[in-house]
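**Student:** I'd like to go over a predicted model; first the sequence, then the structure.
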Amino acid sequence: MPEELTTQARLEQLREMIASARSMPMSASCVVNRAEVLRAIDDIAGNLPGELAEARGVIEEQRSQYEAGRAQADRIVAEAHQHALQQAGHSAQVRVAEEQAAKIVEDARAEADALKREVDVFIDSRMAGFESVLAKTSSQVRMARKRLAERNGEEAEEERRPRATELPQLD
């Protein structure tokens with residue numbers, strides 16, 4: 001069973017398809033099979049939501065781990081509080097228990113905050129990767145369309161109409 005290709009690998013295949021296309025004599029233009037290129041683009045577009053869903057799954061897993069850590073921290077705090085109440089008869093023991101409870105709470109909060117930062121960094125890196133893939137795809141498609149327009153003696157489409165300044169948001 002062949003391994004599922006990532007969006008990055010599919011984009012690399014599309015790039016190779018265009019890079020290895022037959023050149024037009026005495027021109028920087030090339031001939032590409034329109035159906036093949038469109039099929040490759042549709043394949044990329046069709047698989048991108050799956051990869052985004054996978055990233056969301058990873059985010060949910062991290063969130064779940066964060067919540068489990070938070071619940072564990074709350075349980076530890078409650079246990080420490082209960083322990084402190086049991087030792088209330090001895091003032092020195094109460095003071096020690098309160099200090100330990102405070103340390104446990106502080107450690108648990110620090111651990112939860114560190115886990116949250118890790119999740120944020122991970123999410124940011126995945127989103128940066130997707131942004132990069134989308135930017136490369138957009139650039140390659142724009143360049144291919146410009147070359148096609150130039151080959152046909154037409155004004156490039158991006159010169160005929162204003163270009164969108166933002167990519168649409170994916171949910």
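**Tutor:** Ah, there it is.
**Student:** longest helix in the chain, by residue count?
**Tutor:** helix 91-151 (DSSP state H).
**Student:** name the helices or strands packed onto that helix?
**Tutor:** Using 3 or more CB pairs under 8 Å, 6 or more residues apart in numbering; DSSP states H and E, the elements in contact with helix 91-151 are helix 7-19, helix 34-86, helix 157-160. Glycine gets a C-beta too; all of them are placed from N, C-alpha and C.
**Student:** who are the packing partners of the second one?
**Tutor:** With contacts defined as 3+ CB pairs under 8 Å, 6+ apart, the secondary structure elements packing on helix 34-86 are helix 7-19, helix 91-151.
**Student:** and the angle for it with helix 91-151?
**Tutor:** 170 degrees (axes from the mean of the first three to the mean of the last three CA atoms, to 10 degrees).
**Student:** please state the offset of helix 34-86 from the chain centre?
**Tutor:** 11 Å (CA atoms, centre = their mean, to the nearest Å).
**Student:** state the mean pLDDT of it.
**Tutor:** For helix 34-86, the mean pLDDT works out to 86.
**Student:** now swap in the shortest one and tell me
**Tutor:** Rounded to a whole number, the mean pLDDT of helix 157-160 is 53.
**Student:** what's the burial count for residue 118?
**Tutor:** Look at residue 118: counted by other CB atoms under 10 Å, it has 13 neighbours.
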